[in-house]
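*Asks:* only the shape, not the letters, is given here:
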Ligand code: IPE
Ligand code: IPE
Ligand code: MG
């Protein structure tokens, strides 16, 4: 269960209300992790799944509201068929294996991204996990699989255009909230903190709209090597940042 009393050493002097509520992670570097060991890329993905388990458990222990993990982008279909097939089967096996832990920790399981292209076996486990965990009250665990932010925004624009065409939406009444509510993430809080592993300084088409004001934390550490300690460091750094949202922030003594 999410336990608000669990405070790791690195966060002992960080006020709880300064922690992020929603953490999003671009889990990158599985291939490099394997390459550095002379192993096939899929070994990196296998080890990456273990890291998913540890990080999810830790985020839940910390009492975060939501953890969103980028697992497969709409552009990752450009990879070799063998690697894609392995990733899709890993997704299915991960869900079968993790469902008991998801239930034990009362996580709510959600997904982002299109279903087309994902094998039926994996989709069946997705649906089972969403249904089984719907009434849970702990952290939301959201997996972005076959997700691309530009496509999500285009899909939302199309839905709004159809509603306008059918006379159910006045174009003059479209606001940021209208568009946000037509995205896959409707009803979810925006990420406060984005973590990217493996050093790349880019968003790679992840939650572009939703991360307008997310704080970004990048580590050179490859995803399979990520530990609870890295997560604590990221949260600690996040808590030190001043989020201004375009304003002037807290008054200084200048
Ligand atoms: C992230 O690791 C996992 C996915 C994108 C599916 P990569 O497979 O991108 O690893 P690198 O970037 O090649 O090291
Ligand atoms: C981003 O990683 C997507 C995921 C982690 C699922 P990539 O490895 O696909 O990103 P690029 O290609 O380096 O931008
Ligand atoms: Mg990569």
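*Replies:* Yes, it's here. Since the model is a prediction, treat every value here as computed from it, not as a measurement. Ligands and ions are numbered 1, 2, ... in the order given.
*Asks:* what residues does the stretch 101-250 of the chain have near ligand 2?
*Replies:* Within the stretch 101-250 of the chain, the positions lying close to ligand 2 (Cβ under 6 Å from any ligand atom) are 200, 202, 204. Quick note: C-beta positions are derived from backbone N, CA and C, even for glycine.
*Asks:* can you rerun that using 8 Å?
*Replies:* Residues of the stretch 101-250 of the chain lying close to ligand 2 by Cβ under 8 Å from any ligand atom are 144, 198, 200, 202, 204-206, 223.
*Asks:* of those, which belong to strands?
*Replies:* Among these, the members found in strands (DSSP state E) are residue 144.
*Asks:* which members of the residues of the stretch 101-250 of the chain next to ligand 2 additionally contact ligand 1?
*Replies:* 198, 200, 223.
*Asks:* can you report how many residues neighbour the last one?
*Replies:* By other Cβ atoms under 10 Å, the residues close to residue 223 number 27.
*Asks:* over to the first one?
*Replies:* Neighbouring residues of residue 198 were enumerated by other Cβ under 10 Å; the total is 21.
*Asks:* once you drop chain neighbours, what's closest to it?
*Replies:* Of all residues not flanking residue 198 in the chain, residue 29 sits nearest, at 2.8 Å (Cβ to Cβ, 6 or more residues apart in numbering).
*Asks:* double-check that neighbour against residue 196; I have them as touching.
*Replies:* No: using Cβ atoms under 8 Å, residue 29 is not in contact with residue 196, being 9.3 Å away.
*Asks:* quick check on residue 7: phi, psi?
*Replies:* phi -130, psi 110 (degrees, to the nearest 10).
*Asks:* who does residue 144 form a beta bridge with?
*Replies:* Beta bridges link residue 144 to residue 70, residue 112, judged by DSSP bridges.
*Asks:* how about whatever residue of the chain ends up closest to ligand 2, what does it touch?
*Replies:* Of all residues in the chain, residue 204 sits closest to ligand 2, at 3.6 Å by Cβ to the nearest ligand atom. Residues near residue 204 by Cβ atoms under 8 Å, 6 or more residues apart in numbering: 26, 28, 70, 73, 75.
*Asks:* wait, the last one touches residue 205, no?
*Replies:* This points to residue 75. Yes: the pair residue 75 and residue 205 qualifies as a contact (Cβ under 8 Å) at a distance of 6.4 Å.
*Asks:* ok, those two, which is more surrounded?
*Replies:* Neighbour tally, residue 75 and residue 205, criterion other Cβ under 10 Å: the higher count belongs to residue 205, 16 against 12.
*Asks:* quick one: that one and residue 149 touch, right?
*Replies:* Yes: between residue 205 and residue 149 there is a contact under Cβ under 8 Å: 5.0 Å.
*Asks:* low-confidence stretches in the stretch 1-150 of the chain?
*Replies:* 1-4 (pLDDT under 70).
*Asks:* 90 instead, please
*Replies:* The stretch 1-150 of the chain contains residues with pLDDT under 90 at 1-5.
*Asks:* what ranges do the strands span in it?
*Replies:* Secondary structure of the stretch 1-150 of the chain (DSSP state E, counting those that start in this stretch): strands at 22-26, 66-73, 108-112, 140-147.
*Asks:* which one of the ones you listed is the most hemmed in?
*Replies:* strand 22-26 (a mean of 25; mean count of other Cβ atoms under 10 Å).
*Asks:* parallel or antiparallel, list what pairs with that strand.
*Replies:* Strand 22-26 is paired, per DSSP bridges, with strand 66-73 (parallel), strand 193-196 (parallel).
*Asks:* could you dump those strands into JSON lines with distance to residue 240 added?
*Replies:* Shown next, in JSON lines, are the strands paired with strand 22-26 (distance: least, Cβ to Cβ, whole Å):
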{"stretch": "strand 66-73", "distance to residue 240": "21"}
{"stretch": "strand 193-196", "distance to residue 240": "12"}
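*Asks:* state the number of residues packed around residue 196.
*Replies:* Residues within reach of residue 196, counting by other Cβ under 10 Å, total 23.
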